[in-house]
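>>> Attaching a predicted model along with its sequence, questions to come.
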Amino acid sequence: MQMKKRKFVICIAIAFVAGGLLSGILCTAVAGGSSDRYSKLDEIYDMIESNYYDDIDEDALLEEACRGLVSGLDDTYSSYMTADEYEEWKVTATGEYSGVGITFSEDEDGNFIIVSVTEDSPAEEAGLKEGDIIFAADDKTYDDTDLIAAAIRGEAGTEVKITYSRDGEEDSVTLTREEITQHSVYSEMLDGNIGYIYISSFIESTGDDFKEALEEIEEEGAEGLILDLRDNGGGLVTECVEVADEFLDEGAIVYVEDKDGNRSSYNAEDGKTDLKTVVLVNENSASASEILAAALQDNGYELVGATTYGKGVIQSTAELSDGSALKLTIMQYFSPDGNAINEKGVEPDYAVEYDEDAEDDAQLDKALSLF
């Protein structure tokens with residue numbers, strides 16, 4: 001685990017919700033008036049069918065029409081997925097998949113930047129590195145993070161060609177996919193009996209792994225804890241809530257609200273750690289990590305670093321009748337004190353710049369000074 005902040009990362013992971021809170025919310029069928037509303041689409045189809053010079057693939061036209069309908073929302077987080085894309089997308093929640101062992105994110109210019117490379121993975125063995133820019137998978141380009149991730153994953157033993165650039169020079173490498181197990185929690189003891197836990201994302205194992213790491217640090221006699229959420233792009237809200245519950249007594253962790261003002265809350269149960277905890281955040285802390293940071297700040301915990309990304313909306317993903325799926329932004333979330341996060345982020349109590357060229361981690365040093 002490198003303590004230094006990763007470069008370039010603007011990680012926009014989906015804060016999708018496991019469990020029943022949003023179950024079925026997207027499953028209402030559209031009825032009434034649809035034929036008039038989309039008569040232009042029928043008109044275009046009739047013109048294509050009658051006049052296009054070659055045979056047409058009706059399924060392909062429908063898929064792209066669905067994709068275009070959702071893209072008209074101009075919402076980064078909403079998308080249409082084919083059945084195959086949806087099956088691939090679902091594995092992102094588990095942390096176990098067949099692939100090449102890279103984690104990447106989309107920056108503000110639309111580039112797919114490698115954030116980390118799994119140890120002993122096909123990607124590491126082939127020489128791919130953090131900061132490499134991915135251009136294509138199997139010579140096909142993409143404009144959606146989930147879709148290119150799905151293209152890179154695949155059955156173990158199969159091959160995928162990755163086209164990338166490093167320092168302005170383009171190159172390609174063909175990798176054989178393997179079973180990959182992703183870990184999201186890292187812990188150690190720092191000088192002065194201060195525990196340190198880093199959470200890279202919120203996957204299905206994060207809550208349990210965090211509890212285990214916290215227990216080990218407490219048993220080792222830690223006198224304080226640094227919780228590092230820097231470069232954490234989010235993930236499962238339910239796992240984020242499990243982690244928050246270790247720091248908060250009974251009460252709200254976060255509440256969500258839809259466009260009609262309907263509200264639902266996630267609440268903590270009684271009981272929490274006695275360790276004084278300082279939280280590290282940066283501009284790449286997004287979504288579920290912002291939920292956690294905001295909840296802790298509202299309850300008196302101090303944050304150090306930079307203002308977080310500001311992704312305060314939640315997506316629900318509904319499977320359609322043919323196995324395809326719609327991922328749609330349906331709610332935004334608020335901190336326990338009612339503070340909105342979307343497009344604002346969470347401001348730290350101590351703003352500390354990070355210098356990539358410095359030998360020391362100034363943000364970590366500031367956190368340590370607070371004990």
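Received, thanks. Residues are numbered from 1 along each chain as shown.
>>> Next SSE downstream of the longest strand seen in the chain?
Among the elements of the chain assigned as strand by DSSP state E, the one spanning the most residues is strand 325-334. Next along the chain after strand 325-334, taking DSSP states H and E as the criterion, comes strand 350-351.
>>> if we can go back for a sec, and the longest strand of the chain, how far out from the chain middle?
For strand 325-334, the separation from the chain centroid amounts to 14 Å (computed by Cα atoms, centre = their mean, to the nearest Å).
>>> Which residue ranges of the stretch 201-350 of the chain form helices?
Using DSSP state H, counting those that start in this stretch, the helices of the stretch 201-350 of the chain run over 206-219, 237-245, 288-298.
>>> Tell me what angle the longest one forms with helix 237-245.
It stands for helix 206-219. An angle of 20 degrees separates the directions of helix 206-219 and helix 237-245 when computed by axes from the mean of the first three to the mean of the last three Cα atoms, to 10 degrees.
>>> tell me the angle of the longest strand of the chain relative to helix 288-298?
10 degrees.
>>> Out of the helices of the stretch 201-350 of the chain, flag the one nearest Tyr164.
Each of the helices of the stretch 201-350 of the chain was checked against Tyr164 via Cβ to Cβ, and the shortest separation belongs to helix 288-298, namely 26.7 Å. For the C-beta atoms, the positions are set from N, CA and C on the backbone; glycine is no exception.
>>> Would you map out the domains in the chain?
For the chain, the structural domains run 96-181, 185-369, going by automatic domain parsing.
>>> now the closest residue in space to Ile102 that isn't next to it in sequence: how far from Thr158?
Distance criterion Cβ to Cβ, 6 or more residues apart in numbering; nearest residue to Ile102, sequence neighbours excluded, is Ala123 at 4.6 Å. When distance is defined by Cβ to Cβ, to the nearest Å, Ala123 is 15 Å away from Thr158.
>>> So these two - more neighbours on which side?
Set Ala123 next to Thr158 and count neighbours by other Cβ atoms under 10 Å: Ala123 wins out with 25 against 11.
>>> my read: the more buried one touches Gly101, true?
Yes: shown here, Ala123 and Gly101 form a contact pair, counting by Cβ atoms under 8 Å, at 4.5 Å.
>>> Next, the contact list for Met81, please.
Trp89, Asp146, Leu147, Ser324, Ala325, Leu326, Lys327 (Cβ atoms under 8 Å, 6 or more residues apart in numbering).
>>> Show me which residues of stretch 75-90 are buried.
Taking 16 or more other Cβ atoms under 10 Å as the basis for neighbour counts, the residues of stretch 75-90 that come out buried are Tyr77, Ser78, Ser79, Tyr80, Met81, Thr82, Glu85, Tyr86, Glu88, Trp89, Lys90.
>>> still on that earlier bit, let me have the helices of the stretch 201-350 of the chain in JSON lines, adding mean pLDDT, mean neighbour count and distance to Met189 as columns.
Output for those, formatted as JSON lines (pLDDT from 0 to 100; neighbours: other Cβ atoms under 10 Å; distance: least, Cβ to Cβ, whole Å):
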{"stretch": "helix 206-219", "mean pLDDT": "96", "mean neighbour count": "18", "distance to Met189": "7"}
{"stretch": "helix 237-245", "mean pLDDT": "95", "mean neighbour count": "24", "distance to Met189": "19"}
{"stretch": "helix 288-298", "mean pLDDT": "96", "mean neighbour count": "28", "distance to Met189": "21"}
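>>> mind listing what Tyr196 touches?
For Tyr196, the set of contacting residues under the criterion of Cβ under 8 Å, 6+ apart consists of Ser187, Glu188, Met189, Leu190, Leu225, Ile226, Asp228.
>>> mind running it again at 7 Å?
Ser187, Glu188, Leu190, Ile226, Asp228 (Cβ atoms under 7 Å, 6 or more residues apart in numbering).
>>> which residues sit in contact with the second one?
With contact taken as Cβ under 7 Å, 6+ apart, Glu188 is in contact with Tyr196.
>>> Tell me if Leu147 really is in a helix.
Yes: counting by DSSP: H, G, I helix; E, B strand; the rest coil, one finds Leu147 located in a helix.
>>> unless I'm mixing things up, it is touching Thr82, no?
No: no contact is recorded between Leu147 and Thr82 when judged using Cβ atoms under 7 Å, the distance being 9.2 Å.
>>> Can you list the low-confidence ranges for this structure?
Residues of the chain meeting the criterion pLDDT under 70: 1-35, 91-96.
>>> One more pass at 80, please.
1-36, 88-97, 103, 105, 107-108, 115-116, 119, 146, 180-182 (pLDDT under 80).
>>> related to what we said a few turns ago, what's the overlap in contacts for Ala123 and Gly101?
Shared contacts of Ala123 and Gly101, defined by Cβ under 7 Å, 6+ apart, are found at Val117.
>>> related to what we said a few turns ago, would the residue nearest to Ile102 count as being in a helix?
Yes: secondary structure of Ala123 (three-state DSSP): part of a helix.
>>> Give me the distance between it and Val160.
Ala123 sits 10 Å away from Val160 when distances are taken as Cβ to Cβ.
>>> Find the residues that touch each one of those two.
Common neighbours of Ala123 and Val160, using Cβ under 7 Å, 6+ apart, are Val100, Leu175.
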